[in-house]
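Asker: need a structure here:
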Amino acid sequence: MKLLVLTDTHLVEPGEDIIGLNPSERLAGVLDHALEHHPDAARIVILGDLTHHGRPTQYAQLRDVLARVDIPVSLMLGNHDDRATFIAEFPDAPLTASGHVQHVVELGSHRLICLDSFDADATPRHSGILCEARLAWLRNALESANGAPVTLALHHPPFLTGLDGMDDIRLRNEDDLHALIAEFPNVVQLLCGHVHRTISGGARGTPYATFKGTCHQTPMYLGVAGSDHSIDEAGGYGVVLFTDDGVIVHNDDLAPRGAPTVDGHSA
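Answerer: Here you go, the predicted model:
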């Protein structure tokens, strides 16, 4: 089973931009590439920061861009979104009993669980949280998996990345999430957005991957404070393969490239 992973689309009003870039055009370009090369994907997931300000006109742009996509799409919330506005603009989005944008996707024998880490009252601003209601829902989703391999998707990373400015606004109650994960050894992968960079590693025994945004990126500022650093760098997306042996995470970068050819010395 193949999952396409996009994140941090940051759509703005028509005619506006982010550091001189058009987020809608950049998203369309990433989608075009992903759909051309991976028409067999079972689903697309967008890991949050769908919009830049959480406004109705920005969500309307997202709806327009996605209108031509035939593959099922899971939409998630990030710190730049607004839950009430999103629900109003996407009334068919799956919600929990507590009103959070969380749902389960069955991908063959594998289970993808999409979480809502948005916090309207975040301190520090733009950080994330999984409240008691969201964690209780997650526990039920993990229990009902009956040991099937599970990948958790959430916007805010529950781990350090070395990008100090982004680490300051990660998931605030990461200890609570990891304590829950420790009870379920079938959680085999974390997929996160938020940091606008391709990063992989492990956190307390669980592999993780983060992805480039579709528009602007975070520069490689390790050990630098501040979460508002941005750079005009090509967007990208993830291609996640669920196999009998586990999870394989690829990243495709839309930087300029030549056409595929054959290296005679390696043939």
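Asker: helix or strand for L95, which one?
Answerer: Counting by DSSP states H and E, no helix or strand carries L95.
Asker: Run a quick neighbour tally on L138.
Answerer: 24 (other Cβ atoms under 10 Å). All C-beta spots, glycine's among them, are computed from the backbone N, C-alpha and C.
Asker: And for V195?
Answerer: V195 - counted by other Cβ under 10 Å - has 27 other residues nearby.
Asker: And M76, by the same measure?
Answerer: Neighbour count for M76, taken as other Cβ under 10 Å: 27.
Asker: Going forward, count from 446.
Answerer: OK, 446 is where the count begins now, so the last one is M521.
Asker: residues in contact with it?
Answerer: Listed by Cβ atoms under 8 Å, 6 or more residues apart in numbering, the contact set of M521 reads 490-493, 495, 546, 559-561, 598-600, 638.
Asker: before we move on, what about V633?
Answerer: With Cβ under 8 Å, 6+ apart, V633 has these contacts: P594, V595, T596, T651, P652, G691, V692.
Asker: ok, and the most crowded of those residues?
Answerer: T596 (24 neighbours).
Asker: is it true that that residue lies in a helix?
Answerer: No. Counting by DSSP: H, G, I helix; E, B strand; the rest coil, T596 is not found in a helix; it is strand.
Asker: quick one, helices of this protein?
Answerer: 468-482, 501-511, 528-534, 577-589, 609-612, 619-627 (DSSP state H).
Asker: Mind checking those helices for the one nearest to T663?
Answerer: Closest to T663 of those is helix 609-612 (Cβ to Cβ; 6.5 Å).
Asker: one step back: with distance to M665 and neighbour count added, can I get the contacts of M521 in TSV?
Answerer: Shown next, in TSV, are these (distance: Cβ to Cβ, whole Å; neighbours: other Cβ atoms under 10 Å):
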residue	distance to M665	neighbour count
V490	25	24
I491	24	27
L492	20	30
G493	22	30
L495	25	29
V546	31	24
C559	28	25
L560	27	28
D561	29	28
A598	24	25
L599	23	29
H600	21	29
G638	17	29
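Asker: Kindly indicate which of those residues lies nearest G460.
Answerer: The closest of those, once distances to G460 are taken by Cβ to Cβ, is L495, at 18.9 Å.
Asker: wait, doesn't S469 sit right on E458?
Answerer: No. Using Cβ atoms under 8 Å as the test, S469 is too far from E458 to be in contact (9.9 Å).
Asker: in the protein, what spans have low per-residue confidence?
Answerer: Within the chain, the ranges that satisfy pLDDT under 70 run 706, 711-712.
Asker: the strands in it, which residues?
Answerer: With DSSP state E as the criterion, the chain has strands at 447-451, 488-491, 518-520, 548-552, 555-559, 595-599, 632-637, 644-648, 651-655, 681-688, 691-698.
Asker: okay, those strands in TSV with distance to L511 next?
Answerer: Putting those into TSV (distance: least, Cβ to Cβ, whole Å) gives the following:
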stretch	distance to L511
strand 447-451	10
strand 488-491	9
strand 518-520	6
strand 548-552	17
strand 555-559	16
strand 595-599	18
strand 632-637	19
strand 644-648	26
strand 651-655	22
strand 681-688	14
strand 691-698	19
